[in-house]
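Trainee: The following comprises the amino acid sequence and a computationally predicted model.
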Amino acid sequence: MLATLKRIVQEVNGAGDLAETLHIIVTRVKQAMKVDVCSVYLLDAAADEYVLMATDGLNPAAVGAVRLARGEGLISVVGETEEALNLDDAPTHARYHFVAETGESHYHGFLGVPIIHHRSVMGVLVVRQEDKRRFDEDELAFLLTVAAQLSGAIALAMVNGGIRSFNRQASGDGSRPIQGLAGAPGVAAGIALVIYPPTDLDAVPDRQATDIEAEIVSFRAALEAAREDIHALEAIMGEALTAEDQALFRAYSLMLASPGLERETIERIRAGNWAAGALRATIREHTRVFEAMEDPYLRERASDIRDIGLRILARLQQISSTRQQAFPPNTILVGEELTVSALAEVPLECLAGVVSVRGSTFSHVAILARSLGIPAVLGVSDLPVTHVDGTELIVDGYRGWIYVSPAATVRAEYERLISDEKQLTQGLEELRDLPAVTTDGVHVPLYANAGLISDVVPSLRQGAEGIGLYRTEFPFMIRSQFPGEEEQRRVYRQVLEAFSPRPVTIRTLDIGGDKMLPYFPIHEPNPFLGWRGIRISLDHPELFLIQLRAIMRADIGLNNARLLLPMISTVSEVEASLRLLRRVHQELLEEEPEVRLPPIGVMVEVPSAVYMIEALARRVDYLSIGSNDLTQYMLAVDRNNSRVAGLYDALNPAVLRALAQAISGAQRCGRPIGVCGEMAGDPAAVILLLGMGVSNLSASVASLPRIKRVIRSFALAQARDILDQALVMDDAGEIRAYLASVLETAGLGGLVRVGQ
Ligand code: PEP
Ligand code: MG
């Protein structure tokens, strides 16, 4: 059963659309379970009905036509209970509902399991048997596993037009967002432009051909070039080839010469797809035939076909790279895994939004998008990326939502939000040169988070009083080996000079977890709890010492660097770091008498640091709370995992109590303590942080004006009262709602309304 399951999953993953996905499921399951019927019903939420979407065994004409109101029949029982229903004689069940169109009167055995994705029931997978049949435990387990494993693929296919194609009135799609992770704040509407890695055929999007004849000419030329490549390869290899290899080359040549490949692709181009998309679809269809074969040798041929497809694609790309890529004025850049360089290729004036299937809030692309002020959503695993090119998208970078072909009501709502936001931004610009002081005159310095040199200029423009967190891992990531001391010194110097005399907090290397260096791979089963941040630096003093020397040398004559140690979980890590720092300082003093030991701080981002706050504070000059990690470690929620993203909330009362405890502990020791996680950029959270007595805030550049507005709107005493109210609440949702009302009353509703 496991092998069967794997094959079904593999086939489904290669399916083009919903109909095909479901067809594969019903036919393969029927075969594997030796039943008379296998069907899938999906819930059409707008009509509140279960629709028969695919069947192998019932009357095919019933597909799309049979609809069961929610509450009707055994399908609804499975949906309501969210449990399997196993009946040897279905018609005797009290809720049995006879449907004439399916011709199912004579079926007795029934096994239905719910299809559940992200906690909600999407539909029901059901098998039927003419005779009375009680399905055994293994069969039940198999069907449950199929439904659980394929719910994601079904959800993905549903987004792509799914039920709509059977029911024109259904408004499910376009009015429901696809959930991803908030990457960069803001809202944008525009046209999707899908980019894909040149070596990934499956990622090639469908795209409307602008000149069909030109596409056909390009495809024919690419096909011919690929044929020549194979002949040339065969000739070069010549005698060296074994009989088996020669057979393989012959098979390749035959496949390339197959009239089917050429004809079918050209038919697809004539139907409107561009050459690369048409090629992908043809190759996919051919590979599927082989993948479905029982014979393992023949099944393997699928990979040969894929290889051929890639060869033609490579030639196609060479041919079309001479044509200039056109960017629509409101480009929403979409990709399976967008890179910083892909983003940099789009002219900034055309770039409205960024969407990536993989990645998280903390990916490079998200950080770059934030510093450019471009809304971004990442980790949108349910986005049918190959089918959205050229479609209208709405990107909600606050909530991490994407709407594909948004419904008119959604579009209108977002147009309003976009215009509100424009007004808000204009209003906020006036704040740029005003100080970040509360209404009772307390200055709460506002710093910017940075990681790329490109962050520095916008930070200065937004009136940041310094850099509160310079993530040094980024200059490390964009190189092919560890940067040397002089190279690092130059990078740090640039930032220090740009901000001088304002302070720049340089955090030592914080790799591990989800931040990897391509040249220093770490494979661990549990990376967030593993070798990360300071743990790596202390285990590799030869690398750490270079970084410390580079920072201290960069600071000479400017004296505005501050050093920050990430992922501190014990006092001994601070002491070991301090020993190395003092040693570097002593050594450098011999060469450079002006060199200074910069102020040293530790990140409070692990629960143990909260409980040891005073012991840590006594050993350093300042502290900085990393609320991103603190939230993830307090709540045991991976900050990058979209499945548990609903649990990740810095306003969780447990996190708030930890923050309050850390801040008061640092205060007792007379040490300044700031917050540099994303929480410092959340207007609602900032009121609470002010109430806790935070010494400074460091946030992404785009959120600075809003935060300044909040600081300038409250007195400290007022913020303390609000904090007291919030701390008696037990639930993050309640706290957020309360803070939204506080902001509303203060006339700052727009700050959160736009972002909600
Ligand atoms: C944090 O954890 O809050 C933080 C600022 O550091 P990073 O996001 O780089 O882990
Ligand atoms: Mg962190």
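Mentor: Good, I have the coordinates. Ligands and ions are numbered 1, 2, ... in the order given.

Trainee: who's in contact with residue 516?
Mentor: Applying Cβ atoms under 8 Å, 6 or more residues apart in numbering, we find residue 516 in contact with residue 522. For the C-beta atoms, the positions are set from N, CA and C on the backbone; glycine is no exception.

Trainee: ok, it to residue 531 distance?
Mentor: Note on residue 516: its distance to residue 531, by Cβ to Cβ, to the nearest Å, is 11 Å.

Trainee: tell me, what's touching these two both at once?
Mentor: Any residue near both residue 516 and residue 531 by Cβ under 8 Å, 6+ apart counts here, and that gives residue 522.

Trainee: list the contacts for residue 532?
Mentor: 510-513, 567.

Trainee: are any of the residues you listed buried, and which?
Mentor: 510-513, 567 (16 or more other Cβ atoms under 10 Å).

Trainee: Ligand 1 next: which of those residues are close?
Mentor: With Cβ under 6 Å from any ligand atom as the criterion, the buried ones among the contacts of residue 532 include residue 510 near ligand 1.

Trainee: any bit of stretch 585-605 sitting next to ligand 1?
Mentor: Yes. On the criterion Cβ under 6 Å from any ligand atom, stretch 585-605 is in touch with ligand 1 at residue 605.

Trainee: and that stretch, how far from the chain's centre?
Mentor: 38 Å (Cα atoms, centre = their mean, to the nearest Å).

Trainee: That one: end-to-end distance?
Mentor: Across stretch 585-605, the terminal residues are separated by 27 Å (Cα to Cα, to the nearest Å).

Trainee: what separates residue 333 from residue 355, distance-wise?
Mentor: For residue 333, the distance to residue 355 - Cβ to Cβ - is 7 Å.

Trainee: List the buried residues of the helix or strand where residue 369 lies.
Mentor: Following DSSP states H and E, one finds residue 369 within helix 364-372. Neighbour-count burial for helix 364-372 flags 364-372 (criterion: 16+ other Cβ under 10 Å).

Trainee: before we move on, the earlier item: give me the more crowded residue out of residue 333 and residue 355.
Mentor: Remark: of residue 333 and residue 355, residue 355 carries more neighbours, 30 against 27, as counted by other Cβ atoms under 10 Å.

Trainee: Just give me how far the helix or strand hosting the more buried one sits from the chain centre.
Mentor: Residue 355 belongs to strand 351-356 when elements are defined using DSSP H and E. The gap between where strand 351-356 is centred and where its chain is centred comes out at 12 Å by Cα atoms, centre = their mean.

Trainee: Next one: residue 735 from residue 742, what distance?
Mentor: From residue 735 across to residue 742, the span is 10 Å (Cβ to Cβ).

Trainee: again, but for residue 445
Mentor: Relative to residue 742, residue 445 is positioned 23 Å away (Cβ to Cβ).

Trainee: Likewise for residue 226?
Mentor: For residue 226, the distance to residue 742 equals 64 Å [Cβ to Cβ].

Trainee: Residue 503 versus the nearest residue to residue 627 once chain neighbours are set aside, what's the distance?
Mentor: Counting by Cβ to Cβ, 6 or more residues apart in numbering, residue 677 is the residue found nearest to residue 627 once chain neighbours are left out, at 3.0 Å. With distances taken as Cβ to Cβ, residue 677 is found 18 Å from residue 503.

Trainee: re earlier: need the max-distance pair from the buried ones among the contacts of residue 532.
Mentor: Pairwise distances across the buried ones among the contacts of residue 532 peak at 10.1 Å for 511 and 567 (criterion: Cβ to Cβ).

Trainee: Mind listing the shared neighbours of those two?
Mentor: The overlap between the contact sets of residue 511 and residue 567 (Cβ under 8 Å, 6+ apart) consists of 532-533.
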